[in-house]
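S.K.: could you look at this predicted model? Sequence included:
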Amino acid sequence: MRPGFRTFGFPREVHTLILTNHLNSGGITTYCRVLSSHLVRRGIRVSVISGGGGEAGGWISTGASHRMLPIHTSAEFHPRLWFLAATIARFCREEKVGVIHSQTRTTQVLAALVAAATRIPRVDTCHGFLTRRWWRRRVPLWANRVIAVSRPVAQDLIDGWGVEPGRVRVVPHGIEQFPDDDEIARRRGQLRNRYHLQAGEILAGAIGRLSPVKGYSVMIDAMAILREKCPGLKTLLVGCGPQEKELKSRVREMGLGEKVIFETSAQCDADVWGGFDFFVAPSIQEGFGFSILEAMAASMPIVG
C-alpha cells in the first residue's frame, strides 16, 4: 500500500473518517479493516463510523476507533441520513477530520451532505458496478477522488457514469495473511470435525454476502446436478445476507439438506481458509473479489 493520501494531495497526518453501512462479513469490511490498519501504522489517525455488524467487536485491533450509528440502510436518500449528517458533521469538527472516505452509495450521499456543511474533502471507493438508476445519474455526488478496485470498475465509472478520468485511481485489493502448511492442515482438520465429514467426502466452499449477484443459486443448482455423479461432495456457504431464507428454501426444495451447509457466524471466516478441498466463486458480477485472493493465499484450487 503506497503513500495514498500524498498522491491525492492530502497531508500525511490527516485524520481520516471511513464511512460504511455495516461491518458484517464481506469484502467491504475486509477492505476497511486492512486499510485502517495500514493507515494507523503510517501514523494516520483513523475513525470508522458504521451501522455495526458481526465484525464490529474486533475493530479495536486495527488501532482505529469505531462509532456505531444507524446508517445500515440501502435507501440512499433516506430522511434519516439528513439527521445523521448533522451528527457526523459535528463529530468531524470536534475531532478535526481532514478527509471523509465512503465505501457505498448510501455513505457517499451521507459524505456529500457532511462535506457540504464542513467543506472537508472526500474520497469514494467504488467496490463494484453500480446499478443504473436515473436518480444516480441526475445526482451523481462523486467525491474529489474516486478509488476503483479494478480497471473494469474504473472504466465503468468513466464511460458509464461520466466521472472525469483525472479523478479516478485504480487501487487493487491486497491481503496480508498467508497461512503456512501447518496452519492449513489445522484448519482442514478443524473444519472436517466441525461438520462431521467422513473420509472420502469432499468439501467445496464459498464465502461472501448471500445476495443474488454472488450467484449462490447457481452453485446450489450445480450441487443438484452433481449429487449422483459425486455423492461424496458437500458444499459450505459462509456468509449472511438478504438471500439467506431464499437459498435455504431452495436447498430444502431440492432435497440437498445434507449436501449444502450454511454457516452464518461472522467468526467463522478466519477459520475456514485452507480448510476447503476447493473454493468456488460463482459470482455473476464482481468488482474485485477479496475471497478469491484469500483462497489463493491459502493455496486452494479455485473454480470461478
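M.R.: That came through, no problem. Numbers count the residues shown, from 1 in each chain.

S.K.: number of nearby residues for Leu233?
M.R.: By the criterion of other C-beta atoms under 10 Å, Leu233 has 16 neighbours. (Glycine included, C-beta is placed from N, CA and C.)

S.K.: state the phi and psi torsions of the nearest residue in space to it that is not next to it in sequence.
M.R.: What sits nearest to Leu233 in space, not counting adjacent residues and going by C-beta to C-beta, 6 or more residues apart in numbering, is Ile202, at 4.9 Å. Here is the backbone geometry of Ile202 (degrees, to the nearest 10): phi -110, psi 130.

S.K.: thought Ile202 was touching Gly232?
M.R.: Yes - in this structure Ile202 lies within contact range of Gly232 using C-beta atoms under 8 Å: 5.5 Å.

S.K.: who has more neighbours out of those two?
M.R.: Ile202 (14 against 11).

S.K.: and the gap between the more buried one and Ile71?
M.R.: 41 Å (C-beta to C-beta, to the nearest Å).

S.K.: next one: Pro79
M.R.: Taking C-beta to C-beta, one finds Pro79 at 13 Å from Ile71.

S.K.: show me which of those two is the more surrounded one.
M.R.: Taking neighbours as other C-beta under 10 Å, Pro79 and Ile71 compare with Ile71 leading, 22 against 8.

S.K.: what's the closest residue to that one other than its chain neighbours sitting at in phi/psi?
M.R.: Of all residues not flanking Ile71 in the chain, Gly51 sits nearest, at 4.7 Å (C-beta to C-beta, 6+ apart). Main-chain dihedrals, Gly51, degrees, to the nearest 10: phi -90, psi 10.

S.K.: count the residues that sit near Gly51.
M.R.: For Gly51, the count of nearby residues is 20 (other C-beta under 10 Å).

S.K.: ok, it - contacts?
M.R.: When contacts are counted by C-beta atoms under 8 Å, 6 or more residues apart in numbering, Gly51 touches Thr20, Asn21, His22, Leu23, Met68, Leu69, Pro70, Ile71, His72, Thr73.

S.K.: just the strands in the chain please.
M.R.: 15-20, 46-50, 65-68, 97-102, 122-126, 145-148, 168-170, 202-207, 233-238, 260-263, 278-280, 302-303 (DSSP state E).

S.K.: closest one to Val109 among the ones you listed?
M.R.: strand 97-102 (8.4 Å; C-beta to C-beta).

S.K.: what's the angle between the closest one and strand 15-20?
M.R.: With axes from the mean of the first three to the mean of the last three C-alpha atoms, to 10 degrees defining the directions, strand 97-102 sits at 20 degrees from strand 15-20.

S.K.: show me what strand 97-102 is packed up against.
M.R.: For strand 97-102, the packing partners by 3 or more C-beta pairs under 8 Å, 6 or more residues apart in numbering; DSSP states H and E come out as strand 15-20, helix 105-118, strand 122-126.
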